[in-house]
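Participant: Compute the structure for the input listed below.
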Amino acid sequence: MQAEKAVEKRMNKRILHLAIPNIISNLSVPLLGVADLALMGHLGTVQDIGAISLGGMIFNFIYWLFGFLRMGTTGFTAQALGKRDFPGMMMHLSKALLVAITTAAILLILQSPVGWVSFKLVGSSPEVEALTREYYRIRIWAAPATISLYAFTGWFIGMQNTRFPMLLSIVINILNIGFNALFIFVFGMRADGVALGTVLAQYSGLLLALFYFFRYYRKMLNYFTLDGIFHLTAFLRVNGNLFLRTLLLLMALSFFTVASARQSDNILAINTLLLQFFTLFAYFLDGFAYSAEALTGRFIGAADPVRLRRMIRITFLWASGLSLLFAVGYATGHNLLLKVFTNKQDIILGAQEYLHWIILIPLVTFPAFIWDGVFIGATASKQMRNVMIVATAGCFFPVYLLTVNPMGNHGLWLTFILFMATRSVLMTRMAKKSIPRLQ
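Facilitator: Here you go, the predicted structure:
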């Protein structure tokens with residue numbers, strides 16, 4: 001009994017050791033957006049605010065699609081670590097960087113058509129569009145650094161090191177704020193200064209990632225070889241599935257915003273505000289999902305089903321406890337949070353009608369977050385893709401079409417809840433057949 005408790009305690013420590021730095025890293029992300037808006041809100045024009053908002057949205061969409069590179073790299077690397085396959089660990093970083101540099105080069109070559117499509121889809125006033133184009137023209141040059149950082153971040157997590165990604169995120173965001181303030185206060189720049197600050201911060205982050213690698217993982221270079229680095233079939237197959245899964249998720253979330261806007265400006269504002277509750281919860285749950293990625297890959301690589309099952313069970317206990325805490329917090333403290341997000345009383349009052357959906361979000365979504373981490377660690381990307389296809393095409397859009405007219409905005413929220421619930425249920429049912437050594 002004592003021995004079992006000691007094992008459980010060690011597993012808890014290992015999970016928290018990986019999860020907490022990721023949570024801190026996630027919580028540092030909103031700081032940059034708030035700082036940019038504050039700088040433009042006090043020193044720029046309304047058009048400048050619109051430019052960084054639209055430009056940021058374009059790049060968030062583009063770069064979120066490249067999240068597959070981080071996820072795929074984590075799973076492959078963690079499995080190689082579990083096997084003590086040092087050449088494999090080095091090869092997966094090399095492949096990830098090769099894909100990152102290649103895709104970044106393609107993005108730079110195609111920046112004009114990508115920009116043209118983006119501006120056609122976004123739409124804005126001529127002055128805002130002009131400023132956004134300037135912002136886009138500068139920030140696009142951060143692509144090699146930004147996408148390469150996905151590769152390094154995924155590799156560090158796969159190597160069971162979440163401290164470096166945390167430090168990278170914090171340093172990049174602090175430098176970004178500093179550069180932005182310098183260009184705006186000292187050089188009198190506007191939205192173009194925000195874009196340039198982001199470019200410099202991203203390359204600074206890449207230099208720091210290289211420093212960490214050469215300082216702490218220099219010996220891995222002994223295992224570098226060109227043999228196999230261009231054998232990308234399995235790597236691209238897994239990452240291709242993750243790309244499609246991410247694209248479908250983005251489509252659903254983007255449609256949620258579009259459908260909100262179709263109802264009214266007030267509903268758009270209310271739903272945007274309420275989605276912050278989901279985002280806040282996601283910052284915490286993603287920390288445990290990243291931990292599950294790293295440990296699942298390692299235990300599968302080490303052929304250790306006992307520790308794999310124990311880790312999944314304990315991670316789910318943490319996630320369920322956290323989801324209950326958030327649900328109770330949202331039920332009792334929603335007014336306080338709403339007032340933090342906005343001071344507009346009509347929006348706060350309008351949001352009250354939909355708060356029961358917000359309370360459900362943590363309870364319904366937490367299995368999907370954790371299973372995402374487990375499936376990524378197991379490189380079970382085909383199953384993740386299939387679940388997302390069913391959840392999007394078989395649930396999200398049909399439920400929306402059936403409920404939007406009779407239920408209005410409640411129908412949209414029901415659609416979102418059922419979409420996430422479908423993912424949670426399907427991944428739970430598929431886990432034993434999809435995850436090696438979980439049978």
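
Participant: where does the stretch 101-250 of the chain dip in pLDDT?
Facilitator: 122-125 (pLDDT under 70).

Participant: quick one, strands of it?
Facilitator: Counting by DSSP state E, counting those that start in this stretch, one finds no strands in the stretch 101-250 of the chain.

Participant: Low-confidence regions, the stretch 301-439 of the chain specifically.
Facilitator: Low-confidence segments of the stretch 301-439 of the chain, defined by pLDDT under 70: 340-343, 437-439.

Participant: what about the residue lying closest to residue 430 once chain neighbours are set aside, how many residues close to it?
Facilitator: Nearest non-adjacent residue to residue 430, counting by Cβ to Cβ, 6 or more residues apart in numbering: residue 383, 5.5 Å away. (Each C-beta comes from the backbone N, C-alpha and C, glycine too.) By other Cβ atoms under 10 Å, 20 other residues sit near residue 383.

Participant: buried sites along the helix or strand hosting residue 383?
Facilitator: Assigning secondary structure by DSSP states H and E places residue 383 in helix 381-389. For helix 381-389, a neighbour-count test (16 or more other Cβ atoms under 10 Å) marks 381, 382, 383, 384, 385, 386, 387, 388 as buried.

Participant: and the first one, what does it touch?
Facilitator: Residue 381 is in contact with 72, 237, 238, 239, 240, 241, 242, 245, 375, counting by Cβ atoms under 8 Å, 6 or more residues apart in numbering.

Participant: I'd like to know how far the fifth one sits from residue 221.
Facilitator: Remark: distance between residue 240 and residue 221 (Cβ to Cβ, to the nearest Å) = 29 Å.

Participant: Among those two, which residue is more densely surrounded?
Facilitator: residue 240 (15 against 10).

Participant: and residue 361, how many neighbours?
Facilitator: Look at residue 361: counted by other Cβ under 10 Å, it has 23 neighbours.

Participant: ok, it touching residue 279?
Facilitator: No - taking contacts as Cβ atoms under 8 Å, residue 361 lies outside contact range of residue 279: 10.2 Å.

Participant: What are the phi and psi values at residue 302?
Facilitator: Main-chain dihedrals, residue 302, degrees, to the nearest 10: phi -80, psi 0.

Participant: And for it, the neighbour number?
Facilitator: Using other Cβ under 10 Å, residue 302 is surrounded by 17 other residues.

Participant: Can you tell me the closest non-neighbouring residue to it?
Facilitator: Per Cβ to Cβ, 6+ apart, closest to residue 302 is residue 82, 3.8 Å.

Participant: do the same with residue 387
Facilitator: Using Cβ to Cβ, 6+ apart and skipping the chain neighbours, the partner closest in space to residue 387 is residue 426 (4.7 Å).

Participant: Could you list the buried residues of the helix or strand hosting the one you found?
Facilitator: Under the criterion of DSSP H and E, residue 426 resides in helix 409-434. For helix 409-434, burial by neighbour count (16+ other Cβ under 10 Å) applies to 409, 411-424, 426-427, 430-431, 434.

Participant: contacts for stretch 91-102?
Facilitator: So stretch 91-102 is contacted by 66, 69, 72-73, 76-77, 80, 144, 147-148, 150-152, 154-155, 158, 220, 223-225, 228-230, 232, 235-236, 239 (Cβ under 8 Å, 6+ apart).

Participant: How about the contacts made by the closest residue to residue 378 other than its chain neighbours?
Facilitator: Distances taken as Cβ to Cβ, 6+ apart put residue 435 closest to residue 378, at 4.8 Å, once the chain neighbours are dropped. Residues in contact with residue 435 (Cβ under 8 Å, 6+ apart) are 296, 300, 308, 374, 375, 378, 380.

Participant: Which ones among those map onto helices?
Facilitator: If you go by DSSP state H, the contacts of residue 435 have 296, 300, 308, 374, 375 in helices.

Participant: Just give me the closest of these to residue 271.
Facilitator: residue 375 (28.8 Å; Cβ to Cβ).

Participant: First-to-last residue distance for stretch 215-227?
Facilitator: Stretch 215-227 stretches 25 Å from its first residue to its last (Cα to Cα, to the nearest Å).
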